[in-house]
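Engineer: how does the following fold in three dimensions:
(one chain, ligands or ions: 1)
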Amino acid sequence: MACAWDFQFRVLLLGDSGVGKTSLLRRYTDEEFSETTGPTVGVDFCCRIEEPEEGVKVRLQFWDTAGQERYRAVTRSYYRNAACVVLLFDLTARKSFESIQNWYQEVMERTQPHPLLIFLLGTKSDLQDHRDVTREEAQNLANTLKAPYLETSARTGSNVSAALSLLCRELLRVSKEEGPAEYSTGFSTGEEPHKHRMLCVCGP
Ligand code: GDP
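Structural biologist: Purely as a prediction, here's the structure:
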């Protein structure tokens, strides 16, 4: 499908294996959820066009680490031209929350001197009875990282579109404030690794 857009942003999803990165992308792009999504069946790359303001089309290009979730295993090129990093942890798995600082540290080291927009997402919010991280401590961490914080469920779809629409609006706002940056000018499709499955959804 041929798409035209005014801005393009590369968004990276980072977090421990199993936190729900692939499921979030599936929910956002396909409106689907699979109980059996495994680390090897992930969508590695997908994009979607949003229209945060009337007549302004923004292409969000999401990259999932797909099996490279150990620190230092994510290559430097993965961060190239990124505009935003979404740090994800599983609300029912404390260890994944404790890993966020490490992921954040790695992002900072890999992306200096270019500041990136950071978002913090607590996933699997449908599993309230199994919750292992309180909203308050997650919000405190988000404040420390100067990141907006939201809780989402790929299973029910709760907050998924809202979170990614907010992210889109923030990217657009920062881009307009700071002027066109390298990451918002788009890049050749030759950079998109053809070994990855690609999805492009135009709309809604
Ligand atoms: P990834 O390794 O970070 O990409 O994680 P996946 O997306 O593969 O998800 C790991 C497991 O968590 C899978 O069994 C998913 O079905 C499950 N999962 C992902 N998101 C949710 C959610 O929002 N709620 C629930 N209950 N399970 C989820």
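
Engineer: how about the residues of this structure near the ligand?
Structural biologist: 17-23, 34-35, 37-39, 42, 123-124, 126-127, 153-155 (C-beta under 6 Å from any ligand atom). For the C-beta atoms, the positions are set from N, CA and C on the backbone; glycine is no exception.

Engineer: K57 touches R48, doesn't it?
Structural biologist: No. Using C-beta atoms under 8 Å, K57 makes no contact with R48, being 10.8 Å away.

Engineer: more crowded one of these two?
Structural biologist: It is R48, of K57 and R48, that has more neighbours when counted by other C-beta atoms under 10 Å, with 21 against 16.

Engineer: can you check which helix is longest in the chain?
Structural biologist: Identified as the longest helix of the chain according to DSSP state H is helix 160-178.

Engineer: from start to finish, how long is stretch 50-61 in a straight line?
Structural biologist: 11 Å (C-alpha to C-alpha, to the nearest Å).

Engineer: next one: stretch 92-109
Structural biologist: First-to-last residue span, stretch 92-109, C-alpha to C-alpha: 28 Å.

Engineer: next, the buried residues of that stretch.
Structural biologist: Residues 92-93, 96-97, 99-100, 103-104, 106-107 are the ones in stretch 92-109 that count as buried (16 or more other C-beta atoms under 10 Å).

Engineer: now render these as JSON lines, adding secondary structure.
Structural biologist: Shown next, in JSON lines, are the buried residues of stretch 92-109 (DSSP: H, G, I helix; E, B strand; the rest coil):
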{"residue": "T92", "secondary structure": "coil"}
{"residue": "A93", "secondary structure": "coil"}
{"residue": "S96", "secondary structure": "helix"}
{"residue": "F97", "secondary structure": "helix"}
{"residue": "S99", "secondary structure": "coil"}
{"residue": "I100", "secondary structure": "helix"}
{"residue": "W103", "secondary structure": "helix"}
{"residue": "Y104", "secondary structure": "helix"}
{"residue": "E106", "secondary structure": "helix"}
{"residue": "V107", "secondary structure": "helix"}
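
Engineer: OK, contacts around D126?
Structural biologist: 153, 155-156, 158 (C-beta atoms under 8 Å, 6 or more residues apart in numbering).

Engineer: quick check: nearest residue in space to it, chain neighbours excluded?
Structural biologist: Counting by C-beta to C-beta, 6 or more residues apart in numbering, D126 lies nearest to S153, which is 4.1 Å off, once chain neighbours are set aside.

Engineer: for V160, see how far away the one you found is.
Structural biologist: 7 Å (C-beta to C-beta, to the nearest Å).

Engineer: where in this structure is pLDDT low?
Structural biologist: 1-3, 37-44, 66-76, 179-204 (pLDDT under 70).

Engineer: got the residue ranges for the strands in it?
Structural biologist: 7-14, 45-53, 56-64, 82-90, 117-123, 149-151, 200-202 (DSSP state E).

Engineer: among those, which is nearest D30?
Structural biologist: strand 200-202 (7.9 Å; C-beta to C-beta).

Engineer: if we can go back for a sec, in helices, which of the residues of the chain next to the ligand appear?
Structural biologist: 21-23.

Engineer: of those residues - the most surrounded one?
Structural biologist: K21 (29 neighbours).
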